[in-house]
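Enquirer: show me the folded form of this:
(3 chains)
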Amino acid sequence: MTATRALGWLSLAALAIGIGWGLGLAPREETQGNVQRIMYVHVPSAIVAEYIACPLIFFASVGYLWKRRAEADRLAHASAEAGVVFMALTIITGSIWGKPTWGTWWTWDARITSVSILLLMFIGYLLLRAATDEPERAANYAAVLGIVLALNVPLVHFSVYWWRTLHQPPSMLKPGPMTLSPEIVRPLLINILAYAILFAYFVAKRVRILKTEAEAMA
Amino acid sequence: MTFARRAWAVAWKDVLVERRSKETVNALLFFALLLLFVFQFALGPDRERLGQVLPGLLWLGFILSGLLALGRTFLVERENDCWEALVSTPGDKSAIYVGKLLGNLLLIFSVEALVLLLFVVFFDVDITHALPALTLVIALGTLGLSAVGTLFAAMTAGVRARELLFPVLLLPVQVPVLLGAVKATEAALAGEPLSAVAQWIKLLVSADVVYVVIGILTFDFVLEG
Amino acid sequence: MMPDHWGFVAMAYGLAAVVLGGYWRRLARLEREVAAPRTRSRAAR
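Expert: Numbers count the residues shown, from 1 in each chain, chains lettered A, B, ... in the order given. From the prediction side, this is the model:
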């Protein structure tokens, strides 16, 4: 069994455990009720997107410009694609979570807003790759853009956070603060691990496809 | 030639070309004027409401004009078949980036000065007390916009759908700068000292430093492509 | 105390399955497309 396929089965197993725990074993949260279980999808997606995909894109892009290795370029490309998937998932689940708890489909809360900006940035990254004809030029441009976007992530994170928390409109509906007991943190961590493994599987598969494509064209 | 002299040569060349043809500057200034009329028609004559959104409107005007100006950064080179000459310049090509950036800053500052003046006229705002703080904020925000815009303009110069891809790439990246600039402008117009919005100023400065440094470090790779 | 909104939970997990599963299927399709021309040209020889 190849390493990629092993990753695939591992992620399936981890997801099964994580989802089962989040939906079943984990307790019903006090202030929000069972709707809180959406957090076991929303938060891991956000963490994978912002703290795994983005740094990976940064280091792969820098690596490509520095060493000119095609593997680095493929890693950046694959991470951006999978990253976009997890960013979209974060926003979708965040929106669904927001409707019953905050009363609206769109809450402009710091996490959803900043991940939305990340999504727009990295869709642009994929569009740039698609719009550049020569593969070497595409790799160059994408690497430079990848560095700019990845360095922009903390700027986005803080600016949006300050934007939302420093000027709280008093009329906004807010759910009560959530209790983060260990019974909730444990399934959260399991799910974060599971989604990270799934991300690794997606990236490994995508890199392999890109490599096969490149070899076929050579 | 030293780095600074080469950068200055590029900037000066752009200024001369522009002064002779005046095509970009005039069209941009006119665009800014049109924008303000459109804002008025879209938002109505209610002074109260306009007063509240004034900082945001101001930066909307700056960004829209900036997009147009920055998108054309390398147009002259492309239209006149000078792109290869640019690419084959010996030595450090980052001087070209700095030169282009300086030229863009000069252009955009001129447009922004006009936009600001038109705002004072159309929306009847008194900004004399806020002018020093306002100038600083506008300078910081514009530098952030132009630093990334100049880099992206070079990047999108040779790709398909470049007129669409340029704003698509630039706008999301500009969100932190936009947020910081608008918040700081609000404070400046309200007469508050800039220390009240210290973290936004710090954000703008950090962003500017990051963007300019990255522009200088990576411009070679963009031209290479 | 909030009423339970299992419908929203189902929607969220369901859409997660659709999004993640959908991307997985796209990867599987790409894998097939990339492998196919090579095997076809090998068979032709």
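
Enquirer: quick one: stretch B:99-115 near chain A?
Expert: No. Stretch B:99-115 lies out of reach of chain A by Cβ under 8 Å from any Cβ of the partner chain, never closer than 14.6 Å. Every residue, glycine included, has its C-beta placed from N, CA and C.

Enquirer: other residues contacting that stretch?
Expert: Judged by Cβ atoms under 8 Å, 6 or more residues apart in numbering or on different chains, the contacts made with stretch B:99-115 from elsewhere in the structure are B:6-11, B:13-15, B:18, B:24-25, B:28-29, B:32-33, B:35-36, B:58, B:61-62, B:65-66, B:69-70, B:73-74, B:138-139, B:142-143, B:145-147, B:149-150, B:153-154, B:212, B:215.

Enquirer: tell me which of the residues you listed fall in helices.
Expert: Secondary structure from DSSP state H places B:6-11, B:13-15, B:18, B:24-25, B:28-29, B:32-33, B:35-36, B:58, B:61-62, B:65-66, B:69-70, B:138-139, B:142-143, B:145-147, B:149-150, B:153-154, B:212, B:215 of the contacts of stretch B:99-115 in helices.

Enquirer: which of these are buried?
Expert: B:6-8, B:10-11, B:14, B:18, B:24-25, B:28-29, B:32, B:35-36, B:58, B:61-62, B:65-66, B:69-70, B:138, B:142-143, B:145-147, B:149-150, B:153-154, B:212, B:215 (16 or more other Cβ atoms under 10 Å in any protein chain shown).

Enquirer: helix or strand for the closest residue in space to A:Arg74 that isn't next to it in sequence, just tell me which one.
Expert: The spatial neighbour of A:Arg74 that comes closest, neighbours along the chain excluded (Cβ to Cβ, 6 or more residues apart in numbering or on different chains), is A:Leu210 at 4.3 Å. In this assignment (DSSP states H and E), A:Leu210 forms part of helix A:182-217.

Enquirer: number of nearby residues for the residue of chain C found nearest chain B?
Expert: Closest contact between chain C and chain B, by Cβ to the nearest Cβ, is at C:Val19 (20.9 Å). Neighbouring residues of C:Val19 were enumerated by other Cβ atoms under 10 Å in any protein chain shown; the total is 17.

Enquirer: over to B:Arg5?
Expert: The burial count assigned to B:Arg5 is 11, neighbours taken as other Cβ under 10 Å.

Enquirer: state the distance from it to chain C.
Expert: When distances are taken as Cβ to the nearest Cβ, to the nearest Å, B:Arg5 and chain C turn out to be 51 Å apart.

Enquirer: pLDDT score assigned to that residue?
Expert: Confidence at B:Arg5, expressed as pLDDT, is 81.

Enquirer: quick one: distance of stretch A:200-218 to the chain centre.
Expert: 20 Å (Cα atoms, centre = their mean, to the nearest Å).

Enquirer: so what touches it?
Expert: If you take Cβ under 8 Å, 6+ apart as the criterion, stretch A:200-218 is touched by A:3-4, A:7-8, A:10-11, A:56, A:70-71, A:74-75, A:77-79, A:81-82, A:85, A:135, C:23-24, C:27, C:30-31, C:34-35, C:37-38.
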